[in-house]
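Asks: After the sequence you'll find the predicted model.
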Amino acid sequence: MARSWGELLGDGRPDEETADQHAGLFSRLRDSLGRSRRALTQELAAATFDPGETASWERLEEALIAGDVGVPATAELVRRLEARGELGDLNDALAAEVAELFGEPPRIDLAGEPSVVLVVGVNGTGKTTTIGKLAYRLREHGHSVVVAAADTFRAAAEEQLGIWAERAGAEFVEGERGGDPAAVAYDAIERARRDGRDVVVVDTAGRLHTQTNLMEELAKVRRVITSRAEGAPHETLLVVDATTGQNAVQQARLFKDAVGVTGVALTKLDGSAKGGVAIPIAYELGLPVKLIGVGETLDDLRPFDARDFARALVAG
């Protein structure tokens with residue numbers, strides 16, 4: 001079975017999805033990753049893979065690199081496959097090793113009182129809708145949520161987030177247009193304390209005049225959050241757009257260094273031939289992929305399941 005929201009959020013609730021529902025979800029994920037899978041496997045399918053031939057291994061390396069898996073992760077996957085000796089079906093073996101590369105299934109840390117989830121990422125990645133859908137799922141799992149619109153520079157994002165907060169049954173905190181984002185985060189944590197809410201989800205700006213300005217602004221928001229809640233932010237989620245390929249890896253590296261990212265939400269897999277980018281994000285940067293977005297509906301934000309993802313990406 002796919003990972004449940006209960007497993008991701010650590011609340012121990014059993015997965016209520018039936019086998020048919022899971023099959024449908026996997027089918028949707030497989031369709032979403034169709035272009036990525038073809039990019040990875042079409043070159044391998046052109047000729048029989050022979051583990052005894054150097055040319056076969058070279059074709060595999062080229063296919064993985066072309067599929068945005070990246071050089072370090074490609075080298076590690078090839079090393080693991082070679083170490084197997086007897087490969088059997090190449091795609092099945094590759095899928096198994098890809099799943100292993102992602103490591104242990106991650107959780108979203110909700111251990112604080114209140115727990116503070118800081119959400120970062122550049123504009124256009126689907127950050128606002130990811131926050132809204134996450135807030136909805138948190139409420140569905142019994143959490144009381146405050147959503148903070150600390151991206152005070154984009155009126156459209158603030159309005160959209162407010163609509164999502166209302167839909168999710170979450171409290172909504174906003175500031176003055178162009179105001180201090182850190183002040184909004186501060187107010188949201190104080191509101192959560194006052195009203196007895198247990199999770200604060202903070203949206204942040206994705207673009208300022210320069211990259212340096214953005215990172216300084218995010219660092220300031222983070223410092224204010226840290227000063228207001230012990231151990232906060234308990235989770236710093238980076239939202240990245242899968243269609244940007246290796247740029248997504250660079251963004252992940254940059255945000256990890258600047259604000260201490262603890263997990264990644266990978267969005268827009270529904271239209272991308274670059275789904276393989278999840279692998280270097282996890283392997284090269286050590287950042288667990290916690291959420292994936294494969295479409296626009298509420299059900300299209302899912303807990304990341306390494307085994308299902310690897311099968312859909314490689315074996316199908």
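Replies: It's in.

Asks: mind listing the strands for the stretch 151-300 of the chain?
Replies: 171-174, 199-203, 235-241, 263-267, 289-293 (DSSP state E, counting those that start in this stretch).

Asks: E217 is nearest to which of these?
Replies: strand 199-203 (12.6 Å; Cβ to Cβ). The C-beta positions use only the backbone N, C-alpha and C, and glycine is treated the same way.

Asks: Send me that closest one as CSV with only the CA atoms.
Replies: Coordinates of the C-alpha atoms in strand 199-203 are reproduced here as CSV (Å, rounded to 0.1, in the frame of the first residue of the first chain):
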residue,chain,number,x,y,z
VAL,A,199,0.1,23.8,13.9
VAL,A,200,1.2,27.0,12.2
VAL,A,201,2.0,26.9,8.5
VAL,A,202,3.9,29.9,7.2
ASP,A,203,4.0,30.9,3.6
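
Asks: show me the contacts for the spatially most central residue of the chain.
Replies: For the chain, the residue nearest the mean C-alpha position is A265 (1.4 Å; Cα atoms, centre = their mean). By Cβ atoms under 8 Å, 6 or more residues apart in numbering, the contact list for A265 reads T130, L237, L238, V239, V240, V289, K290, L291, I292, G293, L301.

Asks: Do you know the pLDDT at it?
Replies: Note for A265: predicted pLDDT of 97.

Asks: Leaving out the residues flanking it, which one is nearest to it?
Replies: Excluding the flanking residues, the one nearest A265 by Cβ to Cβ, 6 or more residues apart in numbering is L291, at 3.9 Å.

Asks: picking that back up, so in terms of bridging, what pairs with the residue nearest to the centre of the chain?
Replies: For A265, the beta-bridge partners are V239, L291 (DSSP bridges).

Asks: Which of the contacts of A265 ranks first by neighbour count?
Replies: V240 (30 neighbours; other Cβ atoms under 10 Å).

Asks: How much space separates that residue from N247?
Replies: 9 Å (Cβ to Cβ, to the nearest Å).

Asks: now swap in D257 and tell me
Replies: In terms of Cβ to Cβ, D257 sits 16 Å off from N247.

Asks: who's more crowded, these two?
Replies: More crowded of D257 and N247, by other Cβ under 10 Å: N247, with 15 against 11.

Asks: for the helix of greatest length in the chain, which positions count as buried?
Replies: Assignment by DSSP state H gives helix 211-228 as the longest helix of the chain. Going by neighbour count (16 or more other Cβ atoms under 10 Å), the buried part of helix 211-228 is L214, M215, E217, L218, V221, R222, V224, I225, R228.

Asks: Please spell out the segments of the stretch 101-250 of the chain that come in under the pLDDT threshold.
Replies: Applying pLDDT under 70 to the stretch 101-250 of the chain flags the ranges 208-210.
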